[in-house]
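**Q** I would like the atomic coordinates for the input below:
(one chain, ligands or ions: 1)
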Amino acid sequence: MENNEKKPLVSVIMGSASDWDVMSGATKILKDFGIPYESRVLSAHRTPDMLREYVKFAEERGVEIFITGAGMAAALPGVVASCTVLPVLGVPIPSGALNGLDALYSIVQMPPGIPVGCFAVGKAGSTNAGLMAVAILAQKYPELKTKLTEYREKQAKKILETNLPEE
Ligand code: RP5
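**A** Residues are numbered from 1 along each chain as shown. As a prediction, the model looks like this:
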């Protein structure tokens, strides 16, 4: 990619270190596609001022997409989206008494005007958020489009080569 200084293009923010296991699905994809990224733990309710400052600063440093993950009331993705016009992808984390349903509703039901792209609850969601970030960046960095096509082909090949056990 033409990003010789290896400045992060994607910022992955999560509300708590307890979200890391799920959010590592997104960072694995970014790593696999060779996309420079950075990860931070920042919270909409525990560190609100730091979160806002960080988002502004990240944008100034060249970040092009935010991937955010939060559990329970999950205000983080919406708050990040309120601080930037860059694409914000949101992953509901399965935690707390409602196991992610609360986070899903919080993220998917953003009031009109400040969009957050909401993904599936848990690791499937964070993996797909990573892949969506690749697809968005592929519009600007053509080599990512090639890699994404190869990824799909590999995935299809794996399915076609699957043998079911004898009955
Ligand atoms: C949210 O509250 C975090 O995103 C996390 O999913 C949830 C619980 O946080 P911890 O109490 O585990 O730090 O802010």
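
**Q** Count residues in the vicinity of Glu143, would you?
**A** Glu143: 13 surrounding residues under other Cβ atoms under 10 Å. Just so you know, the C-beta spots here come from the backbone N, C-alpha and C atoms, and that holds for glycine as well.

**Q** how much space between it and His45?
**A** According to Cβ to Cβ, to the nearest Å, Glu143 and His45 sit 39 Å apart.

**Q** repeat for Ala58
**A** From Ala58 to His45 the distance is 20 Å (Cβ to Cβ).

**Q** between the two, who's got more neighbours?
**A** Ala58 (22 against 13).

**Q** And the more buried one, which helix or strand is it part of?
**A** Taking DSSP states H and E as the criterion, Ala58 maps to helix 48-60.

**Q** Which strands or helices does that helix pack on?
**A** strand 10-14, helix 76-82 (3 or more Cβ pairs under 8 Å, 6 or more residues apart in numbering; DSSP states H and E).

**Q** Which other helices and strands does the helix or strand following that helix contact?
**A** Counting by DSSP H and E, the element after helix 48-60 in chain order, helix or strand, is strand 65-71. Judged by 3+ Cβ pairs under 8 Å, 6+ apart, strand 65-71 is in contact with strand 10-14, helix 20-32, helix 76-82, strand 88-93, helix 101-108, helix 123-138.
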